[in-house]
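Asker: Starting from these lines, generate the structure:
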Amino acid sequence: MGSAVWLTVDDPASSARFFVSHLGFREVLNAQGVTHLARDDAAIDLVLHKGAGPSVRQSRPPAQAGVMLSFTVASIHAEYERLRREGARITLPVRKEPWGEWVLQLTDPNGVVVQLVAWIPPAGA
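Answerer: Numbering: from 1, shown residues only. Have a look, this model is predicted:
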């Protein structure tokens, strides 16, 4: 069984380029205003859609309204350097949170926030 997140954005093509270029997704399907992205490591799939279609309620707010995608990475500092070199829009540089994780945030061209997280094992683990 797989999972997907459906994101309604103004410009699905620019979001697709962002996720393919910077986060390792590949395009699986692009038809009838829907772009389906997947990763080979079985992370969650993304479905990008322009506006609200018949399967989405018309009153639903845009994707950037309170949505954050979060992905766990092995080396947050290496990801930060790679993304910086690639020119990704980093909106929160790497920082250590008090509860024990390293985070950084990117924002795609449509305002979708992506957080990369590296967990810090508890002392003695």
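Asker: so who does Val20 touch?
Answerer: For Val20, the contacting residues are 26-27, 37, by CB atoms under 8 Å, 6 or more residues apart in numbering. All C-beta spots, glycine's among them, are computed from the backbone N, C-alpha and C.
Asker: Give me the contacts around the strand or helix carrying Asn30.
Answerer: Using DSSP states H and E, Asn30 sits within strand 26-31. Residues outside strand 26-31 that contact it (CB under 8 Å, 6+ apart): 16, 20, 35-40, 45.
Asker: Which of those residues fall within strands?
Answerer: If you go by DSSP state E, the contacts of strand 26-31 have 35-38, 45 in strands.
Asker: Can you tell me the SS state at Ala78?
Answerer: What DSSP: H, G, I helix; E, B strand; the rest coil gives for Ala78 is helix.
Asker: What distance do you get for it to Glu86?
Answerer: 13 Å (CB to CB, to the nearest Å).
Asker: same deal with Leu23?
Answerer: For Leu23, the distance to Glu86 - CB to CB - is 10 Å.
Asker: rewinding a little: pull out the buried members of the contacts of Val20.
Answerer: Leu37 (16 or more other CB atoms under 10 Å).
Asker: so how many other residues sit close to the residue lying closest to His77 once chain neighbours are set aside?
Answerer: Nearest non-adjacent residue to His77, counting by CB to CB, 6 or more residues apart in numbering: Val94, 6.3 Å away. Val94 has 17 neighbours, counted by other CB atoms under 10 Å.
Asker: Partner strands of the helix or strand hosting Val94 and their direction?
Answerer: According to DSSP H and E, Val94 maps onto strand 90-97. Here strand 90-97 has these sheet partners by DSSP bridges: strand 101-107 (antiparallel).
Asker: what about the protein, any weak spots by pLDDT?
Answerer: 1, 52-66, 122-125 (pLDDT under 70).
Asker: ok so, going back, ok now do the residue nearest to His77, which residues does it touch?
Answerer: If you count contacts by CB under 8 Å, 6+ apart, then Val94 has 76-77, 80, 102-104 around it.
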